[in-house]
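Asker: fold the following for me, if possible:
(2 chains)
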Amino acid sequence: KAGVTQTPRYLIKTRGQQVTLSCSPISGHRSVSWYQQTPGQGLQFLFEYFSETQRNKGNFPGRFSGRQFSNSRSEMNVSTLELGDSALYLCASSRVPGQGPNQPQHFGDGTRLSIL
Amino acid sequence: QQQVKQSPQSLIVQKGGISIINCAYENTAFDYFPWYQQFPGKGPALLIAIRPDVSEKKEGRFTISFNKSAKQFSLHIMDSQPGDSATYFCAASKETSGSRLTFGEGTQLTVNP
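Answerer: Residues are numbered from 1 along each chain as shown, chains lettered A, B, ... in the order given. Alright, predicted model coming up:
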């Protein structure tokens, strides 16, 4: 069974540009969450999508947005990039929203975004 | 607001020793406490998890101890091996927040041979 796939793995952008990251969840998983990982702030929740609807949103500015398609694949977009947006962006999937021993969240290996 | 505090930031243990990582939380609505293991260049992987109605859970060499009254939980790695060298994150979530996880700051564990 294929894991969570994130593309691209690495990305370099300059300030002011915008970027779109992609996440393909595990087959059968319909909930997708996004996290930002930085050395200073650690792992922070961005948002969660289920059935093409945003269910939860973390404390990030409106420059960070996302969407989910009917096949459960998800994209996140960051507009007007800032130096502080340099981070590892992780996607996680589960069958449905929530936590528990029967439906753990599985993380992808992330997209490393560097802003110059 | 940091709702889950993790310590120590780094830990060095000899092979065969016990590694102990501690976490404390503030929000009493949290009802699920997983631990994740992350290797360089990889995403976090679920290691073990516990709910607050249980005081201890063991899976192989990994044990979670949970103290609901103190709002603390810890990960014990018995017989630590060099292959356990990784960053460990505690996390917490609540039923009303779907899949949202609140993570601790992480502990970089090094197990010397």
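
Asker: what is the burial count for residue A:106?
Answerer: Look at residue A:106: counted by other CB atoms under 10 Å in any protein chain shown, it has 19 neighbours. The way it works is simple: take the backbone N, C-alpha and C, and place the C-beta from them, glycine included.

Asker: wait, doesn't it sit right on residue A:91?
Answerer: No - if you go by CB atoms under 8 Å, residue A:106 and residue A:91 don't touch, sitting 9.5 Å apart.

Asker: what is in contact with these two at once?
Answerer: Common neighbours of residue A:106 and residue A:91, counting by CB atoms under 8 Å, 6 or more residues apart in numbering or on different chains, are residue A:4.

Asker: chain A: helices as residue ranges?
Answerer: Applying DSSP state H to chain A gives no helices.

Asker: what do you get for chain B?
Answerer: For chain B, helices defined by DSSP H do not occur.

Asker: what about residue A:33, distance to chain B?
Answerer: Distance, residue A:33 to chain B, by CB to the nearest CB, to the nearest Å: 5 Å.

Asker: that residue - nearest residue in space that isn't next to it in sequence?
Answerer: Of all residues not flanking residue A:33 in the chain, residue A:48 sits nearest, at 4.3 Å (CB to CB, 6 or more residues apart in numbering or on different chains).

Asker: list the contacts of the closest residue to residue A:50 other than its chain neighbours.
Answerer: Nearest residue to residue A:50 in three dimensions, chain neighbours excluded: residue A:31, at 4.6 Å (CB to CB, 6+ apart). The contact partners of residue A:31, by CB under 8 Å, 6+ apart, come to A:25, A:48-50, A:55, A:93-98, B:98-99.

Asker: what residues does chain B have near chain A?
Answerer: Residues of chain B found near chain A (CB under 8 Å from any CB of the partner chain) are B:32, B:34, B:36, B:41-46, B:49, B:89, B:91, B:93, B:95, B:97-106.

Asker: in strands, which of the residues you listed appear?
Answerer: B:34, B:36, B:45, B:46, B:49, B:89, B:91, B:102, B:103 (DSSP state E).

Asker: could you export these as TSV, including pLDDT and neighbour count?
Answerer: As requested, those are exported to TSV (pLDDT from 0 to 100; neighbours: other CB atoms under 10 Å in any protein chain shown):
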residue	pLDDT	neighbour count
B:34	94	23
B:36	96	25
B:45	95	14
B:46	93	17
B:49	93	19
B:89	97	26
B:91	95	25
B:102	94	22
B:103	96	24
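
Asker: now the residues you listed in TSV, with distance to residue A:115?
Answerer: TSV is the format used below for these (distance: CB to CB, whole Å):
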residue	distance to residue A:115
B:34	31
B:36	26
B:45	28
B:46	30
B:49	34
B:89	24
B:91	27
B:102	26
B:103	23
